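[1] Here's my sequence, what's the structure:
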Amino acid sequence: MRKMFSRMTAAVLSAVFLVSPLAVAQDDDDGPLSMLNTGNKPFVYVMAASANRLKEEATYMFDVAGMPESVEAIMSGIEDNLRGLEGIDWDRPAGMMMYLNGVFPPSIEVVAFLPVAEMGEFQGLMEIGNSILKEEPNDPGRYELITTRRNIQMRVENGYAFIQMPWADPDPTFDRELPSPTALVGALANQFDLGITLDVEAIPKATRSLILNVITSTMSTQMQQRDDEPDSRYEARRALSQGDIDALKLLFDECEKISVGLNVSSESQTANLDFVFDVKDGGELLQEILASSSKTSYFSPLLDDEAPISLSWSGIMAQRDIDKYSGFLDAVKPELARIIEENGEFGPVPTEGSPMFNSLTALKETISDGHVDIFGQLYRDSDEKLAVVMAMRVEDGETIARGLEDLLQRLPEIPDVGEVELAAGEHRDVTFHRLEAADAGAGWRDVFGSGVGLSVGSDARTAWLCVGGEKSFDVLKSTMDELVAAYEDPSQIRTSASAMRMVVHVGELVNTVRSAQQAGEPDEADEQPKAEEKDPRFNARERFRQRREQNREMFIEALSDGGDRVELSVRPTDTGTRMRIEFAEGFIGGIGRMIGSGVNQ
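    Okay, the predicted model is just below:
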């Protein structure tokens, strides 16, 4: 603990020293800055597009759930307990803003903003219970909400009530310049029903530099070689850590905004959860993002939206990442040699020119090419058992294959690894080796079938891997055949603007996992719990477990009724990148059923 404290102290002092020149610099937008300047704009804001829009989305959600009465129950509760939110404009955004008042220690001021339709009715809403809203006689638009616990400051400007939240670090004067909520969150409200934005640019550059230097100084301290740490292991760790530091510096320097938003659409019958990154126009980061999706995956003909899981990632790596992983692979060679030499039971120590080291060189060539192209998909074999097929485009794959064979030849010397069968199969001039699990439990056998294992092989440009039972190799062969057949008619190959795309059918996976769990569970029929332990009246934990199980069953049933598809995609935008998780209507219905069940009770 003392060593960790010393490292943290050194990191902070180093960061302060490094950022000191910035403390007196002139920022283009903010004028003279102190080292801990925190700016005058909100750096985080949260919004709901409007009360009416939320009501519309809730109506759709509960209709899908088959519980339309829940909307009326919620509206009745709002009417009874919150006066129907009288005085609130139901057609304009509402939310909260956060201001950074201090960095060390952190101090945040939170201001809520509510659209006011009629001030008299709004005052009645604020005075629910024993509260009193009192206007300052000499300062029109400034109010004080007097409650039994504390007094809260409020300002009304341009049709909005700005309420200072007392649970943060409120400024006693509450005199700061407040932005127009419509201008602040208008773009966010146009995209999402609910959203939150981290405005990185709202934090002055000198303050960002201080925070960055604290983080990177800490990472650099942790990156130092540890006592008794072998040089090869340290070099591998250092290569990865230095790459992370370089990426973090670029992100802090060029990222402008990060937004997360949820949008429910009755028209498309989906719910979208978006993560949006806006970066500096013309900067290095934007160029990397735009370049990342410039190549379509070689495996795109294999993508099947109906598969339990389908994954494709085709991206151009930044030079920074190429250097990072190339340095790591350079360090892996001496580290492998050290491990093999010290154990003395994994065969001869590899050297330059050996199959193992040559395969690592080929992997480095693959990284240096800069195009990462990976595919993975779940299939069903002829016995309806799962098989996982994965593939990756490589350089000099035949050299990689010889390295894999060398590695597998060493594995039988390791206890409990399982049975290794070299040259277990061949297809399209690719030799496949198989590693069968030593002791696959009943659950694994239920999912993958008997003889659970891994098959691996590579030709000059593609490395293949398959996990499954005895019939899984047939699935791998048919997948390879399907890809060859697709390229015989390239006009039928679809393209995608997504750098990464993954489709998951959650309901099918849940049922598969349940079946495996049931197959692997021991028979506990003889272990009968006491009656009082099973009686919900006497056991709160059991009541909670039963309620959780009921919600789970309602959710799974909704997926069966409305679709269990989840799609994750990453695409560039004009100002950065957007990662979207799209949920099918079954998820909307499942959430609605769980909420509706609680509301109706």
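[2] Quick check: which ranges of this structure have low pLDDT?
    1-39, 104, 412-417, 492-497, 517, 519-539, 601 (pLDDT under 70).
[3] Contacts only, for Leu509.
    308-309 (C-beta atoms under 8 Å, 6 or more residues apart in numbering). Heads up, the C-betas are built off the backbone N, CA and C, glycines and all.
[4] what do you get if the cut-off is 6 Å, keeping everything else the same?
    Pro308 (C-beta atoms under 6 Å, 6 or more residues apart in numbering).
[5] what's the helix or strand for it?
    helix 506-520 (DSSP states H and E).
[6] And that helix, what's buried?
    506-508, 511-512, 516 (16 or more other C-beta atoms under 10 Å).
[7] Turn the residues you listed into JSON lines, columns for distance to Thr296.
    Below are the buried residues of helix 506-520 laid out as JSON lines (distance: C-beta to C-beta, whole Å):
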{"residue": "Val506", "distance to Thr296": "27"}
{"residue": "Gly507", "distance to Thr296": "30"}
{"residue": "Glu508", "distance to Thr296": "27"}
{"residue": "Asn511", "distance to Thr296": "33"}
{"residue": "Thr512", "distance to Thr296": "31"}
{"residue": "Ala516", "distance to Thr296": "35"}
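[8] Which residue ranges of the stretch 451-600 of the chain form helices?
    According to DSSP state H, counting those that start in this stretch, the stretch 451-600 of the chain carries its helices in the segments 472-486, 506-520, 531-534, 540-562, 585-600.
[9] For the nearest residue to Arg233 once chain neighbours are set aside, give its distance to Phe357.
    Spatial nearest neighbour of Arg233, chain neighbours left out: Glu335 (5.5 Å); criterion: C-beta to C-beta, 6 or more residues apart in numbering. Distance, Glu335 to Phe357, using C-beta to C-beta, to the nearest Å: 12 Å.
[10] From the chain's centroid, how far away is the helix holding Leu509?
    Distance, stretch centre to chain centre, for helix 506-520: 24 Å (C-alpha atoms, centre = their mean, to the nearest Å).
[11] Please verify my assumption that Asp278 contacts Asp574.
    No. Look at Asp278 against Asp574 with C-beta atoms under 6 Å: they stay out of range, at 9.5 Å.
[12] Looking at these two now, which is surrounded by more residues?
    Taking other C-beta atoms under 10 Å, Asp278 and Asp574 do not tie; Asp278 has more neighbours (21 against 8).
[13] Could you check how far that one is from Pro137?
    Distance from Asp278 to Pro137, by C-beta to C-beta: 44 Å.
[14] Can you get me a residue count around Gly327?
    19.
[15] Distance-wise, check it relative to Gly563.
    45 Å.
[16] and Glu144, that one's in a strand?
    Yes. With DSSP: H, G, I helix; E, B strand; the rest coil as the criterion, Glu144 is part of a strand.
[17] Next, count neighbours for the nearest residue to it once chain neighbours are set aside.
    Using C-beta to C-beta, 6+ apart and skipping residues adjacent in sequence, the residue nearest Glu144 is Lys134, 5.1 Å away. Per other C-beta under 10 Å, the neighbour tally for Lys134 reads 14.
[18] Let me see the ranges of the strands in the stretch 151-300 of the chain.
    Under the criterion DSSP state E, counting those that start in this stretch, strands of the stretch 151-300 of the chain are mapped to 151-157, 160-164, 194-199, 255-265, 270-279.
[19] would you turn these into CSV with distance to Ser292?
    Shown next, in CSV, are these (distance: least, C-beta to C-beta, whole Å):
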stretch, distance to Ser292
strand 151-157, 43
strand 160-164, 40
strand 194-199, 22
strand 255-265, 16
strand 270-279, 12
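[20] So for Leu125, which of these sits nearest?
    Each of those has some distance to Leu125 by C-beta to C-beta; the shortest is strand 160-164, at 9.8 Å.
[21] okay, that closest one in CSV with CA atoms only?
    What follows is strand 160-164 as a C-alpha-only set of coordinates in CSV (Å, rounded to 0.1, in the frame of the first residue of the first chain):
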residue,chain,number,x,y,z
TYR,A,160,-36.9,27.1,-18.3
ALA,A,161,-36.5,26.6,-14.5
PHE,A,162,-32.9,25.9,-13.6
ILE,A,163,-32.7,24.1,-10.2
GLN,A,164,-29.5,23.7,-8.3
